[in-house]
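Engineer: make a model of this:
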Amino acid sequence: MRRRSGPAKRVSAAWSASHGGGLPLAGLALAVVLWGTSFVAIKAALVGFGPLAVGAGRMLLSSTLMLALWPRIDTPDRRAGDWRWLALIALLYPCLYYVLEGNALKLTTASQAGTVSALVPLLAAVGARVFLSEHLSGRAVAGLAASLVGVVVLSLGAPAQAAAPAPALGNALEVVAMVSYAISMLALKRMTSRYSPWFLTGVQFLVGAVLFFPALVLMPIDAWGHVPLEAWLGVLYLGLFVTLLPAGLYNFAMSRMPTGRAAMAINLVPVVALVTGFLLLGESLAPIQVAACVVIFGGVVFGQMTASGAGLLRPTDAESAES
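Structural biologist: Residues are numbered from 1 along each chain as shown. Okay, here's the model as predicted:
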């Protein structure tokens with residue numbers, strides 16, 4: 001005979017679902033804001049450091065912070081062969097991703113790279129559907145398409161910039177960077193049932209710190225004395241706030257919701273970058289860019305909603321089977 005839940009248990013279950021739904025979305029929103037503000041910090045850091053040195057500095061800082069928090073992280077349910085997945089996750093993101101994107105931005109414009117970066121949600125959603133059997137609702141597809149169109153308009157509506165030396169090659173490298181990120185995202189999703197999102201985040205950046213450390217060692221000694229204060233502040237902000245925290249929050253959100261739905265929120269990052277650039281750097285915001293921001297935000301909100309307005313974080317078939 002099937003046992004029926006009492007009123008108290010039903011209320012508790014409803015509260016837990018609502019509470020669990022709110023925390024991942026709040027974490028996802030904060031991650032997007034931090035990632036969006038990173039562009040201003042990166043501009044400041046690049047005044048005194050090269051791209052690889054910036055990556056090394058931010059990952060060393062975040063790894064140091066992660067090591068301090070490591071005793072508080074839940075012990076994972078390790079299984080034979082897990083190290084292969086952990087290595088794949090870390091090598092694809094942040095390691096390969098940082099290298100590809102850093103070189104891509106030397107060859108193409110930020111607007112074109114921003115347009116290419118909008119492929120992440122599509123790649124993640126399609127990959128999750130193919131490899132993780134995650135459901136994609138019509139509303140999610142429509143919201144994803146709308147936000148993608150908004151990102152394209154947002155990028156194409158940016159003020160003219162100096163010609164890129166090799167835009168085709170730069171955009172190709174950016175595409176490979178997005179593919180690298182999406183594959184890492186899918187591999188990480190596979191591990192979240194047995195590993196804490198913060199454990200996975202720590203592994204990502206500890207590996208990255210080790211591999212990128214030579215970039216700091218090879219930096220000329222006399223160059224350290226000429227690094228301006230704004231570059232140091234940029235690296236500090238990136239290492240302490242942007243590198244570790246949003247990645248952990250995003251991984252936490254992705255462990256509680258379908259991969260495609262979480263990835264779709266990345267389309268809000270260019271909006272945050274534009275707003276912070278306008279407020280902190282005095283960059284102009286064209287009317288078409290304002291309209292594109294509205295479309296992107298509307299598409300993400302629409303895609304996050306279900307037809308009934310409830311059950312925002314519906315588990316996948318695999319997750320339902322496990323529970």
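
Engineer: check the offset of stretch 122-142 from the chain's centre.
Structural biologist: Centre-to-centre, stretch 122-142 and its host chain are 17 Å apart (CA atoms, centre = their mean, to the nearest Å).

Engineer: same thing with stretch 138-156?
Structural biologist: The chain centre lies 17 Å from the centre of stretch 138-156; the measure is CA atoms, centre = their mean.

Engineer: what comes up buried for it?
Structural biologist: 140, 143-144, 146-155 (16 or more other CB atoms under 10 Å). For the C-beta atoms, the positions are set from N, CA and C on the backbone; glycine is no exception.

Engineer: try stretch 294-303
Structural biologist: Val295, Ile296, Phe297, Gly299, Val300, Phe302, Gly303.

Engineer: for the stretch 201-323 of the chain, just list every one of the helices.
Structural biologist: Assigned by DSSP state H, counting those that start in this stretch, the stretch 201-323 of the chain shows helices spanning 221-224, 229-237, 245-256, 259-264, 269-281, 287-304, 317-322.

Engineer: comparing these, which comes out most buried?
Structural biologist: helix 259-264 (a mean of 28; mean count of other CB atoms under 10 Å).

Engineer: how far away from the center of its chain is that one?
Structural biologist: On CA atoms, centre = their mean, the centre of helix 259-264 falls 10 Å from that of its chain.

Engineer: name the helices or strands packed onto that helix?
Structural biologist: In terms of contacts (3 or more CB pairs under 8 Å, 6 or more residues apart in numbering; DSSP states H and E), helix 259-264 is packed against helix 119-131, helix 138-156, helix 167-191, helix 245-256, helix 287-304.

Engineer: which strands and helices sit next to the second one?
Structural biologist: Packed against helix 138-156 by the contact rule (3+ CB pairs under 8 Å, 6+ apart) you find helix 110-117, helix 119-131, helix 259-264, helix 269-281, helix 287-304.

Engineer: please repeat the previous calculation with a cut-off of 6 Å.
Structural biologist: helix 110-117, helix 287-304 (3 or more CB pairs under 6 Å, 6 or more residues apart in numbering; DSSP states H and E).

Engineer: could you find the lowest-pLDDT member of the buried residues of stretch 138-156?
Structural biologist: Across the buried residues of stretch 138-156, the bottom pLDDT score, 70, is held by Ser155.

Engineer: you'd agree that one is up against Gly114?
Structural biologist: Yes. Using CB atoms under 6 Å as the test, Ser155 is close enough to Gly114 to be in contact (4.4 Å).

Engineer: give me the common contacts of those two.
Structural biologist: Both Ser155 and Gly114 lack any common contact, where contact means CB atoms under 6 Å, 6 or more residues apart in numbering.

Engineer: what is the mean pLDDT for stretch 199-211?
Structural biologist: For stretch 199-211, the mean pLDDT works out to 89.

Engineer: now do it: distance to the chain's middle.
Structural biologist: Relative to its chain's centre, stretch 199-211 lies at 15 Å (CA atoms, centre = their mean).

Engineer: residues in contact with the closest residue to Asn251 other than its chain neighbours?
Structural biologist: Spatial nearest neighbour of Asn251, excluding adjacent residues (CB to CB, 6 or more residues apart in numbering): Pro197 at 3.6 Å. Neighbouring residues of Pro197 by CB under 6 Å, 6+ apart: Asn251, Phe252, Ser255.

Engineer: looking at those, which is nearest Ala166?
Structural biologist: Taking CB to CB as the measure, Ala166 lies nearest Asn251 of those, at 33.8 Å.

Engineer: need the contact list for that closest one.
Structural biologist: Pro197, Leu200, Thr201.

Engineer: kindly report the same for Thr243.
Structural biologist: Arg58, Ser62.

Engineer: could you rerun that using 8 Å?
Structural biologist: Residues near Thr243 by CB atoms under 8 Å, 6 or more residues apart in numbering: Arg58, Met59, Leu61, Ser62, Pro94, Phe205.

Engineer: what's the answer for Ala215, then?
Structural biologist: Gly50, Leu52, Ala53, Gly55, Ala56.

Engineer: could I get those as TSV with distance to Leu28, neighbour count and pLDDT?
Structural biologist: Below are those laid out as TSV (distance: CB to CB, whole Å; neighbours: other CB atoms under 10 Å; pLDDT from 0 to 100):
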residue	distance to Leu28	neighbour count	pLDDT
Gly50	31	16	84
Leu52	29	18	88
Ala53	30	22	89
Gly55	24	29	87
Ala56	27	27	91
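
Engineer: so how far is Arg190 from Ala128?
Structural biologist: Plainly put, Ala128 is 10 Å away from Arg190 if you go by CB to CB, to the nearest Å.

Engineer: more neighbours: which of the two?
Structural biologist: Using other CB atoms under 10 Å, the more surrounded residue of Ala128 and Arg190 is Ala128, with 25 against 16.
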